[in-house]
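Visitor: Just a sequence and a predicted model for now, questions to come.
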There are 2 protein chains.
Amino acid sequence: MINTFTPQNRILMGPGPSNVNPKVYDALSKATLGHLDPQFIELMNDLIKLLQYTFKTENNSTFVLSGPGSLGMEAALVNLIEPDDKVVVCVGGFFANRMTQMVEKFGGNLITVKETWGRAIDPQKLEDTLKDNPDTKIVAFVHAETSTGALSNIKTLSEIAHKHNCLVIADVVTSLGACEVRVEEWKLDAVYSCSQKGLACVAGMSPMTFSEKAVHKILNRKSQVRSWFCDYKLLMSYWSGEKRAYHHTAPANQFYGLHTALQILHEEGIENSWRRHKENSVKLISKLKEIGLEPLVPEKERIPNLITVKIPEGVDDVKIRLELLNKHNLEIGAGLGELVGKVWRIGLMGYNSNDKMIDYCISSLKDVLK
Amino acid sequence: MINTFTPQNRILMGPGPSNVNPKVYDALSKATLGHLDPQFIELMNDLIKLLQYTFKTENNSTFVLSGPGSLGMEAALVNLIEPDDKVVVCVGGFFANRMTQMVEKFGGNLITVKETWGRAIDPQKLEDTLKDNPDTKIVAFVHAETSTGALSNIKTLSEIAHKHNCLVIADVVTSLGACEVRVEEWKLDAVYSCSQKGLACVAGMSPMTFSEKAVHKILNRKSQVRSWFCDYKLLMSYWSGEKRAYHHTAPANQFYGLHTALQILHEEGIENSWRRHKENSVKLISKLKEIGLEPLVPEKERIPNLITVKIPEGVDDVKIRLELLNKHNLEIGAGLGELVGKVWRIGLMGYNSNDKMIDYCISSLKDVLK
């Protein structure tokens, strides 16, 4: 009825997943363990330490959510938002837009700061909005907007939010591991990421961290958290303390993979990883320009590990991507939302951020565009 | 800072995860794919077919939720419950109790049918409760209560619920693949399971299926679904139709593992799997009795693949389980909730449901109990 599944060995240069180190694959297939095995608890403790290093924080509330980054978004928002809390979301793309949908689902009073897709959020717009809305409780934004390729200055956005006594929810799904992220120094209160981009693991997990201020708000909620699976208190009863309380059955083999990926990142050194992604990005962009592909985002606002280029006029988006896939075994990303058919998204991250991949991407594009 | 992680090759005979076929490990470590790759969409379509076979349904709304079984519970409840809907939950253990917590989080009007822990739900109690609450919209219960070892007659419970015009939410987390489950014939409306028990895969995924009646209720909600990640409509835009809309980045390698596990189950034949679990269960229980361990649950109400035995008086629960783990590399489950310290939970499921494992379990228990 159903054949055995043998995936192509694709070159993954879309918005993530990317290819991973063979050591990560090896880790995935190690013998599975029970979710309360003392050895598994040790692994969880290691993951906390490795993530604190990666996030640049000493937050105790640092852990891996057993679901994709979009579940991490849900967990950050659902724990912090109480019904009628005024929440300002800075929207310059598809993923920040997703945040606004969640704010409404969780009963928040949504205020939107609108930015042009493909540009960093203008801090002045946030400042103005918060002046007009002094009762705002939470400010949420996306660091690296995966749909547009624009990187916002979250340090500045966070400063403005805190000046107005707001908590900060920061989406570092595409930036963590590949771009400078400093959770503690930048005073980010609820932060989530994913496993398959800058952390160079397979997809399906969401590393998270909460500041003491965020935890204080959660622990003093007047209403219930509108999720059981993402409820901070229940999650922490499994992730912390001497005696671990069963919450859910953790995906052990996925955690093995993440552990290995984070170790590799730690061995390289996070600052070195940031530098590598930046340097390779500059190289790739210069070569993309040479073959006539112009970046959508102004130079100073570009995500180093995810480059959006404008699809040249007269070029068939879908046809070219299919040709790349079928002829060169290469995946690049399509546009999302407003940018469907207008841009391609080229990921150069983690294990793939190197000269060989740059060359492969350029020669393949050159071939199909000729 | 952190050492490479090398898990012990444990014998897993707790409530799940269990050991898996080496083919499943091989599948986990195959080259990862993008979540919109045509080949990955084919894999998703295969998973739907394999799950329809496993659930015994032709429901179009059959898919894998990218999170553990407890997220599946959340997805079933959050989609079906609208604020103030009267929801009857039949509670005879820890997991049905979890359902009641979720009903409250999602704004449902909760009515509880209480059963003794370790017993199947008495259908008469449900009948009486529904007579007293003719405005009930939803009846929810757990088929195989993992915390107690009791198997309820969900066919009968479902008939009663439908007689009173209720939709049925059925938790088949511990039963699917190992016990008779017939979604279509038994008219179960929203059904969820997990990957690491009867389906014999690693943990972290939740297969789900929704009947047309359930879908009708969801599509006619007056209020928003209180979850973004678990929102049925958003999930189905990724799992069905000609053109797949990106929802989240699916855990590709986990799906490979599940695909292989479901193929193995399909090759055996689901009825053969049910029979194997039942026959091995009878053998195990008879041998457990021989070494002085009495089942908690009356014979006709036992889950075949998860046996709870009473901890003999004077025996130290924690000490024995640690000895099993450290001396025999064997994990069995502790009691949960009301049954902490009172029972052990012995899983005999999937790849582990065989004579060799029965003998290993008995000889190890005999050794540490002597």
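Guide: That came through, no problem.

Visitor: Quickly find the element holding residue A:281.
Guide: Assigned by DSSP states H and E, residue A:281 belongs to helix A:270-290.

Visitor: Equivalent analysis for residue A:40, please.
Guide: Counting by DSSP H and E, the element that carries residue A:40 is helix A:38-55.

Visitor: Residue A:4 too?
Guide: Using DSSP H and E, residue A:4 sits within no helix or strand.

Visitor: Repeat that for residue A:170.
Guide: Per DSSP H and E: residue A:170 is located in strand A:167-171.

Visitor: Which strands or helices does that strand pack on?
Guide: Contact partners of strand A:167-171 among helices and strands, from 3 or more C-beta pairs under 8 Å, 6 or more residues apart in numbering or on different chains; DSSP states H and E: helix A:69-80, helix A:94-105, strand A:136-142, helix A:154-163, strand A:190-192, helix A:212-219. C-beta here means a position set from N, CA and C on the backbone, and glycine is covered the same way.

Visitor: which helices and strands sit right next to the last one?
Guide: Just to be clear, that refers to helix A:212-219. Using 3+ C-beta pairs under 8 Å, 6+ apart: helix A:212-219 touches helix A:69-80, strand A:167-171, helix A:232-239.

Visitor: For residue A:271, which of the ones you listed is the nearest?
Guide: strand A:167-171 (19.5 Å; C-beta to C-beta).

Visitor: neighbouring strands for the closest one, and are they parallel or not?
Guide: Using DSSP bridges, strand A:167-171 pairs in its sheet with strand A:136-142 (parallel), strand A:190-192 (parallel).

Visitor: So which of those is the most surrounded?
Guide: Scoring these by mean neighbour count under mean count of other C-beta atoms under 10 Å in any protein chain shown gives strand A:190-192 as the most buried, with a mean of 28.

Visitor: What lies in contact with the helix or strand that it is followed by?
Guide: Counting by DSSP H and E, the element after strand A:190-192 in chain order, helix or strand, is strand A:206-210. Residues from elsewhere that reach strand A:206-210, judged by C-beta atoms under 8 Å, 6 or more residues apart in numbering or on different chains: A:51-52, A:54-55, A:57, A:59, A:61-65, A:67-69, A:71-72, A:75-76, A:79, A:176, A:183, A:189-195, A:199, A:218, A:232, A:258.

Visitor: follow-up on the earlier one: can you lay out the helices and strands packed on strand A:167-171 as TSV showing distance to residue B:91 and mean pLDDT?
Guide: Converted to TSV, these look like this (distance: least, C-beta to C-beta, whole Å; pLDDT from 0 to 100):
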stretch	distance to residue B:91	mean pLDDT
helix A:69-80	25	98
helix A:94-105	28	98
strand A:136-142	36	98
helix A:154-163	43	98
strand A:190-192	33	98
helix A:212-219	28	98
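
Visitor: Residues contacting whichever strand or helix holds residue A:112, please?
Guide: Per DSSP H and E, residue A:112 falls inside strand A:109-114. Contacts with strand A:109-114, where a contact means C-beta under 8 Å, 6+ apart, come from A:84-92, A:100, A:103-104, A:121, A:125-126, A:129, A:133, A:136.

Visitor: can you rerun that using 10 Å?
Guide: Strand A:109-114 is contacted from outside by A:81, A:83-92, A:96-97, A:99-104, A:121-130, A:132-133, A:135-137, A:139-141, A:157, using C-beta atoms under 10 Å, 6 or more residues apart in numbering or on different chains.

Visitor: CA atoms only: put it into PDB for me.
Guide: Output of strand A:109-114 as PDB, limited to C-alpha atoms (Å, rounded to 0.1, in the frame of the first residue of the first chain):
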ATOM      1  CA  ASN A 109      -6.400  44.600  23.400                       C
ATOM      2  CA  LEU A 110      -4.300  44.800  20.300                       C
ATOM      3  CA  ILE A 111      -2.500  48.000  19.100                       C
ATOM      4  CA  THR A 112      -0.400  47.700  15.900                       C
ATOM      5  CA  VAL A 113       2.600  49.600  14.900                       C
ATOM      6  CA  LYS A 114       2.800  49.300  11.100                       C
END
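
Visitor: Against residue A:156, how distant is residue A:165?
Guide: 17 Å (C-beta to C-beta, to the nearest Å).

Visitor: Also residue A:109?
Guide: Between residue A:109 and residue A:156 the computed distance is 25 Å (C-beta to C-beta).

Visitor: One more: residue A:255?
Guide: From residue A:255 across to residue A:156, the span is 35 Å (C-beta to C-beta).

Visitor: Between these two, which has more neighbouring residues?
Guide: Neighbours per residue (other C-beta atoms under 10 Å in any protein chain shown) separate residue A:255 from residue A:156, with residue A:255 holding more: 27 against 15.

Visitor: and the angle for the host helix or strand of that one with strand A:206-210?
Guide: Using DSSP H and E, residue A:255 falls within helix A:252-268. Relative orientation of helix A:252-268 and strand A:206-210, computed by axes from the mean of the first three to the mean of the last three C-alpha atoms, to 10 degrees: 70 degrees.

Visitor: so what does helix A:252-268 touch, helix or strand wise?
Guide: helix A:22-28, helix A:38-55, strand A:61-65, helix A:270-290, helix B:22-28, helix B:252-268 (3 or more C-beta pairs under 10 Å, 6 or more residues apart in numbering or on different chains; DSSP states H and E).

Visitor: among these, which is nearest residue B:366?
Guide: Closest to residue B:366 of those, according to C-beta to C-beta: helix A:38-55, at 23.5 Å.

Visitor: buried set for the closest one?
Guide: If you call a residue buried by 16 or more other C-beta atoms under 10 Å in any protein chain shown, then helix A:38-55 has these buried ones: A:40, A:43-44, A:46-48, A:50-55.

Visitor: what's the answer for stretch A:221-241, then?
Guide: Using 16+ other C-beta under 10 Å as the test for burial, stretch A:221-241 gives A:225-232, A:234-236, A:238-240.

Visitor: Direction-wise, compare the helix holding residue A:255 with helix A:270-290 and give the angle.
Guide: With the same axes, to 10 degrees as the basis, helix A:252-268 and helix A:270-290 are set at 90 degrees to each other.

Visitor: Kindly format the C-alpha coordinates of helix A:252-268 as PDB.
Guide: In PDB, the C-alpha atoms belonging to helix A:252-268 read as follows (Å, rounded to 0.1, in the frame of the first residue of the first chain):
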ATOM      1  CA  ALA A 252      13.700  12.400  23.600                       C
ATOM      2  CA  ASN A 253      15.300  11.900  20.300                       C
ATOM      3  CA  GLN A 254      14.600  15.400  19.100                       C
ATOM      4  CA  PHE A 255      16.300  16.600  22.300                       C
ATOM      5  CA  TYR A 256      19.400  14.500  21.500                       C
ATOM      6  CA  GLY A 257      19.600  16.300  18.200                       C
ATOM      7  CA  LEU A 258      19.300  19.700  19.700                       C
ATOM      8  CA  HIS A 259      21.900  18.900  22.400                       C
ATOM      9  CA  THR A 260      24.400  17.900  19.700                       C
ATOM     10  CA  ALA A 261      23.600  21.000  17.500                       C
ATOM     11  CA  LEU A 262      24.000  23.300  20.500                       C
ATOM     12  CA  GLN A 263      27.300  21.600  21.500                       C
ATOM     13  CA  ILE A 264      28.600  22.300  17.900                       C
ATOM     14  CA  LEU A 265      27.600  25.900  18.200                       C
ATOM     15  CA  HIS A 266      29.200  26.100  21.600                       C
ATOM     16  CA  GLU A 267      32.500  24.700  20.300                       C
ATOM     17  CA  GLU A 268      32.500  27.200  17.500                       C
END
